[in-house]
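J.: Fold the following.
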Amino acid sequence: MVSIDTARFQQRLQKLYDAWREEGGLFADASALAVVAGSVTEAIAYTKTASLHLWLLGYEFTETVLVFTKSEMHALAGPKKTDILVQLEGACAAAGVTLRLHPKPKKEDGSAQIEALLAAIRASADSPVVGTLPKEKPQGAVPEAWLAALAASGLATTDMAADLAQLLSPKDEEEAKNVKKAAYLVGNALVKFTVPQLEGIIDEEKKVRHSKLADKIEEVISEPSKMDIKLKADAVDIAYPPLVQSGGEYDLRLASASKDSYIHYGVIVCSLGARYASYCANVARTYFVDPSKEQEAQYAALQEAQAAAVAALVEGAPMSAAYDAAVAALKAKGQEALVERLTKNVGTAIGLELRDTTQQLNATNTRSVKAGMTFNVAVGVSGLQRDDADSEAGKTYAMLIADTVVVKAGGGPPDLATALAPKDWKDVAYYLKDGGEDEGEGEGDEGDALVEVPEAGMRKSARTEHVDFKQREEERRRQKENQEDLLQRVNQATLDMLNKGGGGSGGGGGQGRRITDIVAYKSPSDMQHNNSLTVQVDHRSECVLVPIYGMLVPFHILTVKNASNNQDGEHAYIRLNFNFGGSYEPGQKHPRSIFLKELSFRSADVRHAAKVVQEIKALRSAVQQREKEKAERATLVQQEKLVRGKGRVYALPDVWIRPAFGGKGRKVTGTLEAHANGFRYSSPKGEELDIMYRNIKHAFFQPADSEMIALVHFHLVNPIMVGKKKTNDVQFYTEVMDSVQTLDAGRRSMYDPDEIEEEQRERERRNQINRQFNQFVKRVQQDIWERDYGWAFHGVPHRTNSFIMPTVNCLVELTEMPFTVITLSEVNLVNLERVGFNLRNFDMVFIWKDLNRDVGRIDTIPSTSLDTIKDWLTSIEIKYYESKVNLNWKNILKSIKEDPEAFIEDGGWSFLDADQSDSEGEEGEEESDFAPSEAEGESDEDMSSEDESLASEGDDESEYEAESDEEEGLDWDELEEQARADDRERDFSDEDQEEFSRKRKSKGSSGGAGKKARR
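T.: This is a model prediction of the structure:
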């Protein structure tokens, strides 16, 4: 049964009645207050009713009518809800109020209970007046019946929205903490995810849609663990869909939406909102790519205006002071033109509602600012013009800076809850143009100072941290001898695998129904349509019916590649693209047939066109998801049935599962039990998952020593289905504590009794959970993962930078999803890529013994971990190589599998040895039997213009190699200077392509783009 915090309820109910009963206080015109909650809606909606429910009860009770009189609190709801509200009787009595419950029987409209509520209102005063929220239109049978009865009763009403907002605006300590947690979450989402994503998009010049990036941001906010933030997942949600805007189309309202157009490299506005325990926080930043001096000056003025607006929000000041301060700051900076472009307000109150429109920070609002209030201070300007823009999309731009602040008591400056997100010019401006360093003395020097000098410092520190050079040289010599011995073994393992037939096509994954096997209708009479020659969707048969030559022709939804709708004046065009091509299954079965590529239709009914395209997309998505799930289930290996243990069953209670079960509703913890032949995880919602001992390939236990969670993790031999997801990894974990950063300005003493007691509780809970997991693991015969920090390093195995740990049999990262579990016995050799004198990071590529598998990767490993990784690979006897470029492993593995004998004769994997290839280059180049044929070379050149550009630059690369040979006599400082010059003039990928081609006689490498300069 749902438990309501009665102490908090009593405190807040008392606050409501004290404000009401006070002479000239809130709700002065009303003798009764009526609050009506509607049914559940999927959309994110903020109402005063929901806010009052959450503030008072901690939950939103749907289809419930609450009526307050000066002496009674009435509640009309279903029987289950009234049973929950019974527990509030004592709290109501303590506040001097009598609780009256009116349970509505099932299958009744509640008219009798509504009459009882109206009678209580009439008895509240001689001339009763009901405080209502007339702007809210709740849906549902009970709310609609109540509103109709109230309107017919003839009772006088008054709008209490403004008074209710004043009641809820000042936050107590617990509420302010929830706002700060939401601000901490949204600040991290901006700094740890959004900005790196934007930098990658800009740096690599990717074409990414605004809506696509917004969806990724929403996913990260909804799952804080992806950012290594240990907030309770069930308490976290988005406050509104994230907004990413650029390219001349800006709408600074939070109610707008990210468009499907591509991100433009000009002015990019990002707005993010999050909720924690239903309390909202918001942050917005503007980022500039190659900005002008005018834009820099405008942004500096806007930043000053926002800081002035924040500083004006002190206890006792009118809310209009924030707007006046922002305008004054713009004028003081000489930016009067921006005042005309300023938004109508510079923010609103924020909390349980994202925007409290009754408490706006505009020029006319004279309400006083109170201690504990929280505001979203958003200063924005739009409709600005840049005359020297490179494109039409960059001519119009907008700027927005928004932060969440908490007003302090005593007139002090407010707390900036979103201070984690930087907004200084150096943090939001990016300079990419190649001519930036040569444009002028002043600008060029500044760019060099901010970009080049730190890199030089990094190179020096990376090469001077080891002082015992002689000892390192001896270790390197032993490693080299060990690696030479490993080469023969690695080559032989590769040859054995290829000779056993391992070079064939990899085992297929699940395949759904073949297109040629699908029958939409057995006969024309089975077609169901409305006899009109229009594009229609038959959901039952999963078909799209289109008119062709006066009759409807069906196409199964799986034959449709995509559908689009374009409006041109009063007409709309429906375009259907169909699947076709050489790899399309019907095309392989009927190679001489002619296939339909696309159809276009012109319609005068614009609404119908939009509706039918939306139906096609929805049906296609649902059918594809169903077919994918069927295909995955078809490939599952049948597991044995669980044999329940007899007698005592060892269990691990209150653990979460990852990946989580699907479905809606609040996620709950479950229990992991160890039975005779496997584990069983069960949740209170009736969900069960069995994991057989025989299907466990590796088992890991991670205590909560350095992380916020304790976990047991199983890496499986054969994948299983968890909900609707097919997975090879299943994890069970318990959170030791919430990972929350204290954002208040005051410092707590190390001798503070509360602080000491809190730390003691955390230690006790951590030790208790570790003991619980330890006992469970020891009773089950599985390998235990023990951390050894000597070999650990940081890297990016998937999307985020993670702490990666070698174990006895694996290389793992089990905190972030998706998990990383690399079985070392399956690794043939490792190639360390982008290992260079002037690079801060390098990549680690795992080549499997099974060459049909795509290589594994861990990217962006700090160069300071290079020696550590070499020592570890040598200790476990895994052959490794180093290269200065990223290689095209797909082409390399393909050529190896096509001619394994020639591969071994040419030295096998020794082509990766950079030292050996250099010596071969001095002796002269010889043709290799392993080189691709002329026909292959010509086809490769035809496939990509980029290959042609690489070939044309071969002479330049040879010159660079010759110059490098002549620089052996340079001292350390000269080498540093040369490295900095090389950074500006070239990148490794282009210059080492020719070197690799000479070694392998194969086009197997591809370069990574150089980093852009950021200021």
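J.: how about the closest residue to residue 226 other than its chain neighbours, secondary structure?
T.: Of all residues not flanking residue 226 in the chain, residue 220 sits nearest, at 5.2 Å (CB to CB, 6 or more residues apart in numbering). (C-beta placed from N, C-alpha, C; glycine too.) Three-state assignment for residue 220 (DSSP: H, G, I helix; E, B strand; the rest coil): helix.
J.: any idea how far residue 94 is from residue 220?
T.: Residue 220 sits 44 Å away from residue 94, going by CB to CB, to the nearest Å.
J.: give me the number of residues near residue 816?
T.: For residue 816, the count of nearby residues is 18 (other CB atoms under 10 Å).
J.: Check the spacing between the closest residue in space to it that isn't next to it in sequence and residue 638 real quick.
T.: Excluding the flanking residues, the one nearest residue 816 by CB to CB, 6+ apart is residue 802, at 5.0 Å. Here residue 802 is placed at a distance of 34 Å from residue 638 (CB to CB).
J.: okay, the two: which has more neighbours?
T.: residue 802 (20 against 6).
J.: Kindly state the beta-bridge partners for the more buried one.
T.: Counting by DSSP bridges, residue 802 forms beta bridges with residue 795.
J.: repeat for residue 823
T.: Under the criterion used here (DSSP bridges), residue 823 is bridged to residue 810.
J.: That one reaches residue 728, doesn't it?
T.: No - with contact defined as CB atoms under 8 Å, residue 823 does not reach residue 728; the gap is 10.9 Å.
J.: hey, what's in contact with both of the two?
T.: Residues touching both residue 823 and residue 728 by CB atoms under 8 Å, 6 or more residues apart in numbering: residue 715.
J.: OK, contacts around the residue nearest to residue 816?
T.: 794, 795, 796, 813, 815, 816, 820.
J.: of those residues, closest to residue 771?
T.: residue 815 (20.8 Å; CB to CB).
J.: measure residue 402 to residue 31 for me?
T.: 41 Å.
J.: what do you get for residue 313?
T.: Residue 313 is 35 Å from residue 31, by CB to CB.
J.: With residue 298 instead?
T.: Distance from residue 298 to residue 31, by CB to CB: 53 Å.
J.: just to revisit the earlier point, more neighbours: which of residue 313 and residue 31?
T.: residue 313 (24 against 21).
J.: who touches that one in this structure?
T.: 321, 322, 361, 369, 373, 375, 377, 405, 407, 414.
J.: And for the fifth one, the neighbour number?
T.: By the criterion of other CB under 10 Å, residue 373 has 25 neighbours.
J.: Let's see the pLDDT reported for it.
T.: We have a pLDDT of 96 for residue 373.
J.: How about the first one?
T.: The predicted local distance difference test score for residue 321 is 95.
J.: so residue 821 is in which element?
T.: In the assignment (DSSP states H and E), residue 821 maps to strand 820-823.
J.: Only C-alpha atoms, please: export the helix or strand following that strand in PDB.
T.: Next helix or strand after strand 820-823 toward the C-terminus (DSSP H and E): strand 827-833. In PDB, the C-alpha atoms belonging to strand 827-833 read as follows (Å, rounded to 0.1, in the frame of the first residue of the first chain):
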ATOM      1  CA  VAL A 827      42.000 -12.400 -28.500                       C
ATOM      2  CA  ASN A 828      44.700 -13.300 -31.100                       C
ATOM      3  CA  LEU A 829      46.600 -10.000 -31.000                       C
ATOM      4  CA  VAL A 830      46.200  -6.300 -30.100                       C
ATOM      5  CA  ASN A 831      47.000  -3.300 -32.300                       C
ATOM      6  CA  LEU A 832      47.700   0.000 -30.600                       C
ATOM      7  CA  GLU A 833      46.600   2.700 -33.100                       C
END
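J.: which helices and strands does the next helix-or-strand element following strand 827-833 pack with?
T.: Next in sequence after strand 827-833, counting helices and strands by DSSP H and E, comes strand 841-848. Using 3 or more CB pairs under 8 Å, 6 or more residues apart in numbering; DSSP states H and E as the contact test, the elements touching strand 841-848 are strand 827-833, strand 856-862.
J.: Going along the chain, name the helices of the stretch 351-500 of the chain.
T.: 425-428, 441-464, 469-497 (DSSP state H, counting those that start in this stretch).
J.: rank those by mean pLDDT and give me the bottom one.
T.: When I compare the helices of the stretch 351-500 of the chain, helix 441-464 is least confident, with a mean of 31.
J.: hey, which helix or strand in the chain has the poorest pLDDT?
T.: When the helices and strands of the chain are scored by mean pLDDT, DSSP states H and E, helix 441-464 comes last with a mean of 31.
J.: so of the contacts of residue 313, which ones are in strands?
T.: 375, 377, 405 (DSSP state E).
J.: before we move on, back to that, ok, the residue nearest to residue 226 touching residue 190?
T.: No - using CB under 8 Å, residue 220 is not in contact with residue 190; the gap is 10.1 Å.
J.: And for residue 499, the neighbour number?
T.: By other CB under 10 Å, neighbour count at residue 499 equals 11.
J.: show me the contacts for it.
T.: So residue 499 contacts residue 900 (CB under 8 Å, 6+ apart).
J.: pLDDT wise, what is it at?
T.: Reported pLDDT for residue 499: 72.
J.: now do residue 716
T.: With respect to pLDDT, residue 716 has a value of 91.
J.: Mind listing the residues bridging to it?
T.: residue 696.
J.: what's the spacing between it and residue 673?
T.: Where residue 673 is concerned, residue 716 sits at a distance of 18 Å (CB to CB).
J.: swap in residue 40?
T.: Relative to residue 673, and taking CB to CB, residue 40 is found at 34 Å.
J.: just residue 46 next, same as before
T.: From residue 46 over to residue 673 (counting by CB to CB), the distance is 43 Å.
J.: Could you check which of those two has the larger neighbour count?
T.: residue 673 (19 against 15).
J.: so is that one in a helix, a strand, or just coil?
T.: On the basis of three-state DSSP, residue 673 is classed as strand.
J.: Show the pLDDT at the one residue sitting closest to the centre of the chain.
T.: By CA atoms, centre = their mean, the chain has its centre lying nearest to residue 220, at 2.5 Å. Confidence at residue 220, expressed as pLDDT, is 91.
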